[in-house]
Structure formats: C-alpha cells, structure tokens
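S.K.: Just need the structure, nothing else, for what follows:
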Amino acid sequence: MKIAISGKGGVGKTTIMAMLAEYLNQQGMDVLVIDADPSPHMAQSIGIDNMEAIVPIADMKEVLVERSGKTEGSPFYNLNPQVDDLLARFTVVKDGIKLMVLGAIQAGDKGCACPESTVLKRMLTKLLLSPSQVVLLDMEAGVEHLGRGTVAGVDHLLVVVIPAKSSIRTALRVKQLAGEVGIKQIAFVGNLIRDAEDEAFLTEGLGEAPIACFPDAAGVRKTERAGLPVIRAAAEVAEATRTLAARLVPELADS
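M.R.: Numbers count the residues shown, from 1 in each chain. Sure, this is the predicted structure:
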C-alpha cells in the first residue's frame, strides 16, 4: 500500500505521518517512510540517531549526474536510470521503521529535466510501485508537487487540514489537483482539533467530514519544542491514529 500526505505548511503533516508509521510498525507491517519535504524533519520525529549524518539523495550530486547518463556537451538525460542499489544505500532504520530522505528536487532551467529530478522521480516511482511494503510519503507543503507527478500511483492521498480558512482553501485545492492527476482515494485528516465546534467547522468548509481528527495535544507540542521524537507522545493521539489506520488498512479495524 502506498500512502502520501500533503497539506498547507505547518498543519502537522510530518507529525501525523510519524504517528501512523509508528502504529503500523507496531502492528507488524513493513513500513518505509519517504521524506520528500525540502525541509525534512521525519528523522527527528521518529527518533533517528545522528541525524546530521543522513545525506539527502538530492545532495549526492555526482551520483545523480552519473545515473542520469548525461555526458559533457549533451543536452539529454537518461529518463530511465538504474536506481535499485540506491534504494538500499540511502535507507536508514530505526526500531523497524525504514526512512529515506529525498531532499529537494531541483527543477532544470527552461523546462529541461535535471539529473536530480530524473533520478529522484525514477527512484520514487520504483518505491511507490513496490507491493511488499507500506510506503508512507511525506510530501512538501502546498500543491506544487502534484504538478510533478511525484505522487502518481499512490493508493491514498491524505490531506491534513486544521480549523482555519486558509488551511481549508489549500486542502480543497490539493484535492482538486490530486483528482486531476488521477489519484482515486483522497481524504481529509483534521489536526489541532480542540472540540466539536472545530470538527464541525472543518466538515462545513470541506464539504465532508475528515476520516480522522487529531487533537491539539500539549504533549505533542512539548516533544517537538524540546527536539525530541514526536512519537514519544503517541499515547495522546492514539485513538485518532488507530482510527486513521483502520480507514486505510481495514484489516486493522478489529485489532
């Protein structure tokens, strides 16, 4: 199963994805998290040690140029580079959760496909097509990534939204664009919910109820501000996490 998450900046996408990864891992599933945000924070969220040693794939310029197949003086890149070995080389593991940090995809000038974009898209495609893993893709904020086709082929797109009009506008735009690129299963996930009024506000603004609502949990804020793994506060959002997981993986509903 392939699950991507998106939404306006600051709505808590990474936190929710980390909680989902931890829960699915505890249920015995093989979890691979891909941090595709240009400002990656997933490593901290799940408690990866020595985060400074993690090199995003996008920063490995020599490798990317080599795999892109571009030769000096040639304007062309290999659009189907070999990436199998890179999948293992750039994956770190923490308590059973696998993490890969992509880093920023740099766009080439004048519409040309740069080596970073070519190799990273190919790698992402292979990962998203893997049938043996639960792949959780933490996308960059906003809607730009939908234009690159980097979420094509996912089974579910989760759009995180908080009770604010600007967040709702972005969420609706993400849903519209996701539908245009062919994503079938698109659902809203509420975050920073304090009461039933917040839930009703989201439902009215979105035109449908979120499939799960995460509370505005003080413990989550404290762990984030302290620079600690946010999954340490998983107990505070356990009910919402179980609800979300059950909607995505129905066989977990009775677990």
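S.K.: where does Gly47 sit relative to Lys13, distance-wise?
M.R.: Distance, Gly47 to Lys13, by Cβ to Cβ, to the nearest Å: 18 Å. Placement of C-beta: from N, CA and C, glycine included.
S.K.: more neighbours, these two?
M.R.: Each of Gly47 and Lys13 has its neighbours counted (other Cβ atoms under 10 Å); Lys13 has more, 26 against 17.
S.K.: My read is that the more buried one contacts Leu137, right?
M.R.: No. Contact criterion Cβ atoms under 8 Å: Lys13 and Leu137 do not qualify, at 10.4 Å.
S.K.: and for these two, which residues touch both?
M.R.: Ile5 (Cβ atoms under 8 Å, 6 or more residues apart in numbering).
S.K.: In the chain, where is pLDDT below threshold?
M.R.: Along the chain, the parts satisfying pLDDT under 70 run over 38-39, 51-53, 55, 57-88, 103-132, 141-153, 254-255.
S.K.: Name the SS class of Ala240, please.
M.R.: helix (DSSP: H, G, I helix; E, B strand; the rest coil).
S.K.: So the residue lying closest to it once chain neighbours are set aside versus Leu206, what's the distance?
M.R.: For Ala240, ignoring the flanking residues on the chain, the nearest one in space by Cβ to Cβ, 6 or more residues apart in numbering is Phe214 at 4.4 Å. Distance from Phe214 to Leu206, counting by Cβ to Cβ: 15 Å.
S.K.: quick one, which of those two is more surrounded?
M.R.: Each of Phe214 and Leu206 has its neighbours counted (other Cβ under 10 Å); Phe214 has more, 25 against 18.
S.K.: Now for that one: which residues touch it?
M.R.: Counting by Cβ under 8 Å, 6+ apart, Phe214 touches Gly12, Ile16, Met19, Val189, Gly190, Asn191, Leu192, Ile193, Val237, Ala240, Thr241.
S.K.: just checking, next helix/strand downstream of the one helix or strand it maps to?
M.R.: Element membership for Phe214, per DSSP states H and E: strand 212-215. Remark: after strand 212-215, the chain's next helix or strand is helix 218-225, criterion DSSP H and E.
S.K.: Just the buried residues of that next one, please?
M.R.: Across helix 218-225, burial judged by 16 or more other Cβ atoms under 10 Å covers Val220, Thr223, Glu224.
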